[in-house]
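Asks: Just the structure for this:
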Amino acid sequence: MRKKNKVSSRANNLIRGPDTGGWIMKILLYNPDNGITRNFMPHLWMFLLQSLTPPEHEVILIDGNAKAMTRPELVQFCRDENIGLIGIGSMTRMVARAYLVADALREAGFKVVMGGPHVTECPDEALGKDGGPRHADAIALGEADETWPLLVADAARGELKEIYQPQVDPKGNDKKPNLQPYPHIPWETLDLDQFSLVPRFARPLMSRIGSGWGKFFVVPIETGRGCPYGCEFCTVTGFFGDSIRFRSNESVIDELLRVKARAKKEKGQIAVFFIDDNLAINKKRLKSLLRDMIAAEATLPWLRRSAPTFWPTTSSLISSPRPVRNGYSLAWNRSTLRIWRTSIKPFLSRRIIKAFSKALRGETSTRSLPLFSGWIMTRSGLPDGR
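Replies: Okay, here's the model as predicted:
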């Protein structure tokens, strides 16, 4: 067992690791809220970076949406826990709150690293090079799968650089991380208590409904990254690239089985959200994944999102043989289908509204139902096969 010698320098928030060439740190990964809305599931980036952190360091996760803390409370938490490095990820809708949190933490003497889509698009803003105040000691641009371990190692040696960015190819484009193999996220052992959608005060009452209903989690899982369409209102292509990178079916199924095993062990309710921006972009691959999921009994309640480009894919999947239909399960019935309209192009709006209005009234078959850019709630393996 590696000996950890406590030292009084550097605010007592680091301990010396003689075999690492640096300090052993306690790291906080913080996802800010936007001060208005509350996310219904945690962001994947925290769990992914935690799994990519060198094992000698301890990582704590806090999601401001699930565990609300004032800035003074967060500063005191970091002092009490002797935090040595803080990573904050943010999209544009949360960046104002993220900057306020980062400023408070830096003022208290903590090292802050920022990343995510907004910081990648506006790096000078986070570093105070656009005429405004500086919010971060360092920033990580683009996908941080490969740069995060390097950043942590530099921070442990006290040699944190200002900017970390992926390597580039001969054409000057970022080299994207290969999703095969995919990092192991230990869902079976992670502390997910803060992410339960059932409020603490309601848990005793919900538990009376049945075993496991005292908690309910939605777990984010990705099966691929990237989008070739480059819509002007969307940052996905710019951030993840215009080519699709897929995980192996075996990797996805292994993760699903571990999530399912945890749900069974705790007698809790866990659903999966496939956060791929275009889960249905490759029909052959999706059918293969769904068939393998069914064969391995890696089925859980799940949600996903896709885009209107894939109406033909949806129709094909719905009309496929029952095993695929159950696996993909557009979950058509009036009690389980829920729709949230998002970025629908104007010329499609009337058609989509009309189609779903008819479907909800039971006046049309689901096979004529178009898939659109929004959220559709699904369940795996509906008993009636619809």
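Asks: For the stretch 101-250 of the chain, which residues score under the pLDDT cut-off?
Replies: For the stretch 101-250 of the chain, the stretches flagged by pLDDT under 70 are 207, 210-212.
Asks: What are the boundaries of the strands in it?
Replies: Residue ranges of the strands in the stretch 101-250 of the chain, as given by DSSP state E, counting those that start in this stretch, are 112-115, 138-140, 163-164, 216-221, 224-225, 245-246.
Asks: Need the winner for burial among those strands.
Replies: Of all the strands of the stretch 101-250 of the chain, strand 112-115 has the most neighbours on average by mean count of other Cβ atoms under 10 Å, namely a mean of 26. Bear in mind the C-beta positions are built from the backbone N, C-alpha and C, glycine included.
Asks: now the strands of the stretch 101-250 of the chain as JSON lines including distance to residue 233?
Replies: Output for the strands of the stretch 101-250 of the chain, formatted as JSON lines (distance: least, Cβ to Cβ, whole Å):
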{"stretch": "strand 112-115", "distance to residue 233": "22"}
{"stretch": "strand 138-140", "distance to residue 233": "24"}
{"stretch": "strand 163-164", "distance to residue 233": "27"}
{"stretch": "strand 216-221", "distance to residue 233": "22"}
{"stretch": "strand 224-225", "distance to residue 233": "19"}
{"stretch": "strand 245-246", "distance to residue 233": "23"}
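Asks: And those strands: which comes nearest residue 266?
Replies: Smallest distance to residue 266 across those (Cβ to Cβ): 9.7 Å, for strand 216-221.
Asks: which helices and strands does that closest one pack with?
Replies: In this structure, strand 216-221 makes packing contacts with helix 44-52, helix 249-266, strand 269-274, judged by 3 or more Cβ pairs under 8 Å, 6 or more residues apart in numbering; DSSP states H and E.
Asks: mind giving me TSV with the ones you listed and columns for mean neighbour count and distance to residue 135?
Replies: Shown next, in TSV, are the helices and strands packed on strand 216-221 (neighbours: other Cβ atoms under 10 Å; distance: least, Cβ to Cβ, whole Å):
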stretch	mean neighbour count	distance to residue 135
helix 44-52	20	18
helix 249-266	17	34
strand 269-274	21	30
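Asks: mind giving me a markdown table with the ones you listed and columns for distance to residue 117?
Replies: Listed next are the helices and strands packed on strand 216-221 as a markdown table, based on distance: least, Cβ to Cβ, whole Å:
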| stretch | distance to residue 117 |
| --- | --- |
| helix 44-52 | 10 |
| helix 249-266 | 24 |
| strand 269-274 | 18 |
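Asks: among those, which is nearest residue 183?
Replies: Residue 183 sits nearest to helix 44-52 of all those, at 4.4 Å, using Cβ to Cβ.
Asks: Now do the helices for the protein: every range, in order, please.
Replies: Here the chain has its helices, by DSSP state H, at 44-52, 71-80, 92-107, 117-121, 123-127, 147-156, 203-207, 236-240, 249-266, 283-295, 311-318, 322-328, 346-360.
Asks: Tell me which residues of stretch 64-82 come out buried.
Replies: Residues 64, 65, 66, 67, 71, 74, 75, 77, 78, 82 are the ones in stretch 64-82 that count as buried (16 or more other Cβ atoms under 10 Å).
Asks: possible to save the residues you listed as TSV with distance to residue 151 and pLDDT?
Replies: Formatted as TSV, the buried residues of stretch 64-82 follow (distance: Cβ to Cβ, whole Å; pLDDT from 0 to 100):
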residue	distance to residue 151	pLDDT
64	22	90
65	25	85
66	25	84
67	24	87
71	24	96
74	21	97
75	22	97
77	22	97
78	18	97
82	20	96
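Asks: Report the two members of those separated by the largest distance.
Replies: Greatest spatial distance in those: 65 and 82, 25.1 Å, computed using Cβ to Cβ.
Asks: what are the pairing partners of the longest strand along the chain, and which direction each?
Replies: Counting by DSSP state E, the longest strand found in the chain is strand 22-31. Paired neighbours of strand 22-31 in the sheet (DSSP bridges): strand 14-17 (antiparallel), strand 58-63 (parallel), strand 85-89 (parallel).
Asks: what's across from the nearest residue to residue 106 once chain neighbours are set aside in the sheet?
Replies: Leaving aside its sequence neighbours, residue 106 sits nearest to residue 112 (Cβ to Cβ, 6 or more residues apart in numbering; 5.3 Å). Residue 112 has these beta-bridge partners by DSSP bridges: residue 86.
Asks: Could you check how far the closest residue to residue 41 other than its chain neighbours is from residue 228?
Replies: Closest residue in space to residue 41, ignoring its immediate chain neighbours: residue 218 at 3.8 Å, by Cβ to Cβ, 6+ apart. Residue 218 sits 28 Å away from residue 228, going by Cβ to Cβ, to the nearest Å.
Asks: Now do the same contact list for the spatially most central residue of the chain.
Replies: Geometric centre of the chain, nearest residue: residue 44, 2.2 Å, by Cα atoms, centre = their mean. Each residue near residue 44 by Cβ atoms under 8 Å, 6 or more residues apart in numbering is listed here: 220, 221, 222, 275.
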